[in-house]
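Enquirer: Dropping the sequence and predicted coords here.
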Amino acid sequence: MFKDGLDKKQKKILMILFVGVLMGALDISIVGPAIPSIESTIKIDQRSIGWIFSIYVLFQLTGISLFAKLSDLFGRRNIYILSVSIFALGSTVLVFSETFTALLIGRAIQGFGASGIFPVASAVVGDIFPPEKRGAALGMIGAVFGIAFIMGPLIAGVLLINFAWNSLFLINLPLAAALIYGSYKLLPTTKVDNKGKLDYAGIITLALLLASFAFGINRIESEKLFTSLISTEVLPYLLISIILLLVFIPIERKAANPIVKMHMFKSKQIILVGFIAIGTGIFQSSIVFVPDLAVEIYKVTSSNASFMLLPVVIATAIGSPITGRLIDKFGSRAIVVAGLLISSLALFMLYLDANNIFMFYTSGSILGMGISMLMGPSLRYIMLNEVDARERASTQGILTIFIAIGQISGSAIISAIIAGGANLFEGYRNAFLSLALMVLFLTLFGAMLKSRAVELQEAKK
């Protein structure tokens, strides 16, 4: 029987998955406070700083489908251990980095290793937890990102007082060692898909497609959007990504063991989740712009403006595990629709009166709760239920890609809307209103998802 929903072994496995995802998430949030220290030891210009973040995301995107498929073919334990080991290798490179090139290489290796950690963790939940308990487990893992956003700057602040920036990555090594040992002892080893060889053509094409799309979008200059879009710095990469998409689809249809099984998109649920995931990624990326808004309205420093995001982060961290339990009780459709409505309300509140400090913090808390209901367990829960064991990791990877595409696109879209305003404040108001209406429209997709009764009925088949 379950105690609080989980037995002893399941709790240990959940802890291994939790810590692994936390390690990967921390190394996104921990870098920001280290930028001044990095600049003082490695001479880099402002434009190059962005690559410290971008290269991590790029390699994370390109590796997702590969590791997800490998875990189906060679077992969750083996690929989780491999992903953690690669992440630890990247951390080791960073510990000894003394040049900008070495720093980028280390971050690229880290991102590639991290690309396998989260999809495999979600797939393990699908393997060892029954449908009526998956929400709570996914909720715990989903809370990691809010926790990492809080812990990252705090850990960085403490260590950077007495140590160089390289020390931030040293803490990953004992964590990785403990994770490898625990994974070897506890994680399942069963291979869920033994068919054929890897779809190398599909893996390479998808990786190039995503990298080209991300590279092109990240080079758009919002101040001169149209000129930037048709420039040689952006347009070729976007065209390449479209061409690669047109190449990728027939490759997957013909492949004996495709990295993305096209039949999955015959599922109405998966198509709906795809649209919702991209939309969620778009509005979730608006959080990145909030500190800039706070500096403009409240005349605070950039560092203090970042701390004004704490209501969003805390609400996300608290809301994710609660959301998981609510899914087990009420089903995914109710939570997705509620999350979209709540998020739309928060964005509309920011449009109405963002210069009111009470409204600012209240809407931030509401937005964090909405994000926890969407970015946490709900969409991953639906994807787990729509496929069999052989495709669980692959669908988690696909979902992560959908969200990432939304996040990447959202940054460019929001920047363009802000730049089109009469002034900075009006630009932000226009962006929040546009996002609120978009999220409200997405509730139509959420309402078409399966009810809880249907979810449980199909899980018994």
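Expert: Arrived safely, thanks for sending. Note that the structure is a prediction, hence the values are computed from the model and not measured.
Enquirer: For L22, which non-adjacent residue is closest in space?
Expert: Excluding the flanking residues, the one nearest L22 by C-beta to C-beta, 6 or more residues apart in numbering is V144, at 4.8 Å. (Glycine included, C-beta is placed from N, CA and C.)
Enquirer: how close does that neighbour get to M375?
Expert: Distance, V144 to M375, using C-beta to C-beta, to the nearest Å: 11 Å.
Enquirer: next one: D353
Expert: 26 Å.
Enquirer: more neighbours, the two?
Expert: Shown here are D353 and M375; by other C-beta atoms under 10 Å, M375 has more neighbours (23 against 13).
Enquirer: Could you measure from that one over to T443?
Expert: Relative to T443, M375 is positioned 16 Å away (C-beta to C-beta).
Enquirer: Now for the residue nearest to L22: which residues touch it?
Expert: Contacts for V144 were tallied using C-beta atoms under 8 Å, 6 or more residues apart in numbering; they are 18, 21-22, 25.
Enquirer: and the least confident of those?
Expert: Looking at these by pLDDT, the weakest one is A25, with 80.
Enquirer: what about the closest residue in space to that one that isn't next to it in sequence, helix or strand, and which?
Expert: With sequence-adjacent residues excluded and distances taken as C-beta to C-beta, 6+ apart, A25 is closest to A148, at 3.6 Å. Using DSSP states H and E, A148 sits within helix 144-162.
Enquirer: What of S320?
Expert: With DSSP H and E as the criterion, S320 is inside helix 310-330.
Enquirer: Report the inter-axis angle for that helix versus helix 144-162.
Expert: 150 degrees (axes from the mean of the first three to the mean of the last three C-alpha atoms, to 10 degrees).
Enquirer: Show the average pLDDT along helix 310-330.
Expert: Mean predicted lDDT for helix 310-330 stands at 83.
Enquirer: Show me where the stretch 301-450 of the chain dips below the pLDDT cut-off.
Expert: Residues of the stretch 301-450 of the chain meeting the criterion pLDDT under 70: 301-306, 376, 389-390.
Enquirer: and the gap between the closest residue to V439 other than its chain neighbours and M262?
Expert: Spatial nearest neighbour of V439, chain neighbours left out: S344 (4.2 Å); criterion: C-beta to C-beta, 6+ apart. Look at S344 and M262: by C-beta to C-beta, they are 32 Å apart.
Enquirer: out of those two, which sits in the busier spot?
Expert: Per other C-beta under 10 Å, whichever of S344 and M262 has more neighbours is S344, with 22 against 12.
Enquirer: can you give me the helices in the stretch 351-461 of the chain?
Expert: 357-375, 378-386, 392-419, 424-447, 452-459 (DSSP state H, counting those that start in this stretch).
Enquirer: ok, back up a step: measure how whichever strand or helix holds the residue nearest to V439 sits relative to helix 424-447, angle-wise.
Expert: Per DSSP H and E: S344 is located in helix 332-353. Between helix 332-353 and helix 424-447, the angle comes out at 160 degrees (the same axes, to 10 degrees).
Enquirer: CA atoms only: put helix 332-353 into PDB for me.
Expert: Output of helix 332-353 as PDB, limited to C-alpha atoms (Å, rounded to 0.1, in the frame of the first residue of the first chain):
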ATOM      1  CA  SER A 332      -5.700  17.000 -16.100                       C
ATOM      2  CA  ARG A 333      -8.400  18.900 -18.100                       C
ATOM      3  CA  ALA A 334      -9.700  20.700 -15.100                       C
ATOM      4  CA  ILE A 335      -6.200  21.700 -14.000                       C
ATOM      5  CA  VAL A 336      -5.100  22.900 -17.500                       C
ATOM      6  CA  VAL A 337      -8.200  25.000 -18.000                       C
ATOM      7  CA  ALA A 338      -7.900  26.500 -14.500                       C
ATOM      8  CA  GLY A 339      -4.100  27.200 -15.100                       C
ATOM      9  CA  LEU A 340      -4.800  29.000 -18.400                       C
ATOM     10  CA  LEU A 341      -7.700  31.100 -16.900                       C
ATOM     11  CA  ILE A 342      -5.600  32.000 -13.800                       C
ATOM     12  CA  SER A 343      -2.600  32.900 -16.000                       C
ATOM     13  CA  SER A 344      -4.800  35.100 -18.300                       C
ATOM     14  CA  LEU A 345      -6.200  36.900 -15.300                       C
ATOM     15  CA  ALA A 346      -2.700  37.600 -13.900                       C
ATOM     16  CA  LEU A 347      -1.500  39.000 -17.300                       C
ATOM     17  CA  PHE A 348      -4.700  41.100 -17.600                       C
ATOM     18  CA  MET A 349      -4.100  42.500 -14.100                       C
ATOM     19  CA  LEU A 350      -0.500  43.500 -15.100                       C
ATOM     20  CA  TYR A 351      -2.000  45.300 -18.200                       C
ATOM     21  CA  LEU A 352      -4.500  47.200 -16.000                       C
ATOM     22  CA  ASP A 353      -2.300  48.500 -13.200                       C
END
